[in-house]
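In: here's my sequence, what's the structure:
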Amino acid sequence: MIETRRRQIEVAASELFRSQGYAATSVRDIARALDLQGASLYSHVASKEDVLFAIVDRAASRFEDALRAAEAAADANAVGPLERLASIVRAHATLVAREPELASVFATEWRHLGGERRSSILARRDAYEGRLRAVIADGMATGDLAMTDPAIAAAFLLSALNGIAGWFRPDGRLSAEDLADRYADLAVRALAT
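Out: Residues are numbered from 1 along each chain as shown. The predicted structure follows:
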């Protein structure tokens, strides 16, 4: 159950931004999806960009939390670079598969944010990617991962992972967890020596 009207607005907007894109979605479209008058929507949000920022900010936090949990589990189990990479890929893939609207908006629509908001999200995205690059570089240093450009390898993985939102169906033949396991296996096989 969605707790607040603000959250309902974010969920409806996520679905619209994913299907139509941010630029093609109007405040009136969001209000219509919730059976509200456009003016009523403004009693809950200041602007369409505020809604986008709330969605993207929440998504960034969810990805950061998933990454921290995967890293903490890898640290607790003292696993090597291959298992660490698999754990991170598994966490990212699971989140995208479970929340495709949120992940899709985060991956594609953040560019519509202005000024400081855009800079803030870009810095968080860069930091996330930087942590993935570091895992890849560590794996290269130990000889577990093939020598490659960590930036390109990270971009390759994140592109594949974020693409899940465009095709994965929860009612399909794989669960989110099964899909995540397969992506982790593919990632390790693609980058392992």
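
In: does Arg5 really touch Leu41, like I thought?
Out: No: with contacts defined as CB atoms under 8 Å, Arg5 does not count as touching Leu41, sitting 9.2 Å away. For glycine as for every other residue, the C-beta is placed from the backbone atoms N, C-alpha and C.

In: between these two, tell me which one has more neighbours.
Out: Taking other CB atoms under 10 Å, Arg5 and Leu41 do not tie; Leu41 has more neighbours (21 against 15).

In: quick check, that one in contact with Leu34.
Out: Yes: if you go by CB under 8 Å, Leu41 and Leu34 touch, sitting 7.5 Å apart.

In: which neighbours do these two share?
Out: Ile9 (CB atoms under 8 Å, 6 or more residues apart in numbering).

In: so what touches the lowest-mean-pLDDT helix or strand in the chain?
Out: Across the helices and strands of the chain, mean confidence by mean pLDDT, DSSP states H and E is lowest for helix 38-41: a mean of 76. Contact with helix 38-41 is made by 9, 27-28, 30-31, 34, as judged by CB under 8 Å, 6+ apart.

In: list the buried residues of it.
Out: Neighbour-count burial for helix 38-41 flags Leu41 (criterion: 16 or more other CB atoms under 10 Å).

In: following element in sequence after that helix, please.
Out: helix 48-76 (DSSP states H and E).

In: what's the helix or strand just after that following helix packed up against?
Out: Once helix 48-76 ends, the next helix or strand along the chain (criterion: DSSP H and E) is helix 81-98. Applying 3 or more CB pairs under 8 Å, 6 or more residues apart in numbering; DSSP states H and E, one finds that helix 81-98 makes contact with helix 48-76, helix 115-142, helix 150-167, helix 176-191.

In: can you do 10 Å?
Out: helix 48-76, helix 100-108, helix 115-142, helix 150-167, helix 176-191 (3 or more CB pairs under 10 Å, 6 or more residues apart in numbering; DSSP states H and E).

In: ok, which of these comes nearest Leu82?
Out: helix 176-191 (5.3 Å; CB to CB).
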